[in-house]
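# would you be able to build a 3D model of this:
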Amino acid sequence: MTVARFIADQRTRFRVPHAACCRLLGMSVSWFYKWQARASTGTLTVSETRRQALDDAVALAFEKVKGRHGSPRLLADLRDAGWTVSREDSGRLDAPPRPHRPPDPTSSQHNPAR
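Presented below is the predicted three-dimensional model:
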C-alpha cells in the first residue's frame, strides 16, 4: 500500500480529512491531490512510462538469451539496442529469483542416540 492510498483509506474508513493525514505524515496536501487526480484518470508519468518500457525490454532480452546472462551483460545488450541505461538501472535487470531448493538429505547422523 502506498502512502497516498493509506491517506485515501483513512478518509474512507474513519472520516479523517486528507489534510490532517498529510500533516501527520509530513506529506504535501498538493502532492496527495495530484496523486488522486492521476490515479482516477489512470495516466502514467513520463518516468513510469519509461520504467514500464524498460521492464518490457529487459524481459524480452532475458527471454531472448534464455536466462543465461546476468545484469552486466543485459546492461550491455540494452545499450547496444539503443537504450540509455545506467548502472543504477541495472538493479532492475536482475532475473526473477529462482525457487529455493532444499539441501540434499545426508545419511550422516548429527545427533546419534547415546
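# by contact count, what packs against the lengthiest helix in the chain?
Longest among the helix segments of the chain by residue count, using DSSP state H, is helix 46-64. Counting contacts by 3 or more CB pairs under 8 Å, 6 or more residues apart in numbering; DSSP states H and E, helix 46-64 packs against helix 71-80. Backbone N, C-alpha and C define where each C-beta goes, glycine included.
# quick one, helices of the chain?
According to DSSP H, the helices that the chain contains are 3-14, 18-25, 29-41, 46-64, 71-80.
# and the ones you listed as JSON lines, adding mean pLDDT, distance to Glu88 and mean neighbour count?
Listed next are the helices of the chain as JSON lines, based on pLDDT from 0 to 100; distance: least, CB to CB, whole Å; neighbours: other CB atoms under 10 Å:
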{"stretch": "helix 3-14", "mean pLDDT": "92", "distance to Glu88": "23", "mean neighbour count": "14"}
{"stretch": "helix 18-25", "mean pLDDT": "94", "distance to Glu88": "27", "mean neighbour count": "15"}
{"stretch": "helix 29-41", "mean pLDDT": "88", "distance to Glu88": "24", "mean neighbour count": "13"}
{"stretch": "helix 46-64", "mean pLDDT": "85", "distance to Glu88": "12", "mean neighbour count": "13"}
{"stretch": "helix 71-80", "mean pLDDT": "87", "distance to Glu88": "11", "mean neighbour count": "16"}
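# in CSV, list those along with distance to Pro103.
Shown next, in CSV, are those (distance: least, CB to CB, whole Å):
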stretch, distance to Pro103
helix 3-14, 40
helix 18-25, 44
helix 29-41, 46
helix 46-64, 28
helix 71-80, 27
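# which of those helices sits closest to Ser86?
Distance to Ser86, taken as CB to CB, is lowest for helix 71-80 among the helices of the chain, at 8.8 Å.
# how far does the closest one sit from its chain's centre?
Relative to its chain's centre, helix 71-80 lies at 20 Å (CA atoms, centre = their mean, to the nearest Å).
# what about Phe62, distance to Ser71?
Phe62 sits 10 Å away from Ser71 when distances are taken as CB to CB, to the nearest Å.
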